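K.L.:
Any chance you can model this:
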Amino acid sequence: MPNTPAAAPQVTLAARARLPSRFGDFTVIAFETEDGEYGVVARGELEGAEAVPVRLHSECFTGDVMGSLKCDCRDQLEFALRFIGRTDRGAVVYLPQEGRGIGLANKIRAYALQDEGLDTVEANLALGFPDDLRRYDVAAEVLRQLGVRSVVLLTNNPTKRAGLVRAGMDVVGQIPLRAAPNPHNAFYLDTKRAKSGHLL
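P.N.:
Next comes the predicted model:
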């Protein structure tokens with residue numbers, strides 16, 4: 001039985017259109033919230049659906065767009081899109097939470113500190129931030145508006161699962177997204193596993 005959040009954030013479905021892509025045929029949907037816009041690519045009938053494969057993907061300008069080797073963000077996004085593109089239904093919710101919620105400029109500042117030897121958690125703390133500022137209540141409300149009743153989460157991150165559950169979304173399973181490390185992100189991935197409990 002899904003939990004009911006104490007107070008759902010204000011979310012409005014703004015627009016939708018067909019989106020053929022290299023990963024399959026999707027519907028692209030825009031949601032407006034008080035703190036920005038959220039994008040979703042969805043496949044199949046989600047209204048009333050249970051155990052829907054869902055990826056909550058935090059934006060990553062350096063990885064998703066520019067192909068950075070310092071993280072595994074683009075690998076995870078493409079894995080999720082390929083996975084959902086081969087299923088009857090599913091969704092990727094794209095979260096405007098760059099740099100684990102600290103923003104692009106601070107993320108680049110954290111990169112500079114990592115170049116000096118700090119890990120990702122230490123760099124955020126050195127800048128005066130927690131290691132992760134992301135929130136998942138808006139994502140849960142987006143999924144509710146799409147009619148999703150429960151999800152199988154495509155993630156390595158236990159915090160995402162816990163955040164969705166706290167926001168009232170029923171999570172009935174989890175599929176890890178594992179990418180092969182490279183010399184530029186091996187330390188980053190090890191830090192995510194050791195300090196943040198990621199399934200790597």
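K.L.:
which stretches of the chain form helices?
P.N.:
Under the criterion DSSP state H, helices of the chain are mapped to 73-85, 98-101, 104-115, 120-126, 137-145, 158-166, 186-196.
K.L.:
Nearest to residue 37, out of these?
P.N.:
Set against residue 37 and scored by Cβ to Cβ, the helices of the chain come closest in helix 137-145, at 10.5 Å. Every C-beta, even on glycine, is put in place using the N, C-alpha and C of the backbone.
K.L.:
Please compute how far that closest one lies from its chain's middle.
P.N.:
13 Å (Cα atoms, centre = their mean, to the nearest Å).
K.L.:
so what secondary structure elements neighbour that helix?
P.N.:
strand 11-21, strand 24-33, strand 36-43, strand 52-58, strand 90-95, helix 158-166 (3 or more Cβ pairs under 8 Å, 6 or more residues apart in numbering; DSSP states H and E).
K.L.:
try it again with 10 Å
P.N.:
Packing partners of helix 137-145 (3 or more Cβ pairs under 10 Å, 6 or more residues apart in numbering; DSSP states H and E): strand 11-21, strand 24-33, strand 36-43, strand 52-58, strand 90-95, strand 150-154, helix 158-166, strand 170-175.
K.L.:
Serialize the helices of the chain to a markdown table and add fields for distance to residue 27.
P.N.:
Output for the helices of the chain, formatted as a markdown table (distance: least, Cβ to Cβ, whole Å):
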| stretch | distance to residue 27 |
| --- | --- |
| helix 73-85 | 12 |
| helix 98-101 | 25 |
| helix 104-115 | 28 |
| helix 120-126 | 34 |
| helix 137-145 | 13 |
| helix 158-166 | 21 |
| helix 186-196 | 31 |
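K.L.:
To residue 92, which of those lies closest?
P.N.:
Using Cβ to Cβ, the helices of the chain put helix 73-85 closest to residue 92, at 5.5 Å.
K.L.:
what's the neighbour count on residue 82?
P.N.:
Per other Cβ atoms under 10 Å, the neighbour tally for residue 82 reads 12.
K.L.:
quick one: low-confidence ranges for this structure?
P.N.:
Applying pLDDT under 70 to the chain flags residues 1-7, 182-200.
K.L.:
Give me the distance between the two termini of stretch 92-109.
P.N.:
In stretch 92-109, first residue to last residue: 28 Å (Cα to Cα, to the nearest Å).
K.L.:
middle-most residue in the protein, spatially?
P.N.:
In the chain, the centroid-proximal residue (Cα atoms, centre = their mean) is residue 57; its distance is 2.1 Å.
K.L.:
Quickly list what that one is bridged to.
P.N.:
residue 94 (DSSP bridges).
K.L.:
Quick check: the gap between it and residue 19.
P.N.:
In this structure, residue 57 and residue 19 are 15 Å apart, going by Cβ to Cβ, to the nearest Å.
K.L.:
how about residue 9, phi and psi?
P.N.:
phi -70, psi 160 (degrees, to the nearest 10).
K.L.:
That one and residue 145, how far apart?
P.N.:
11 Å.
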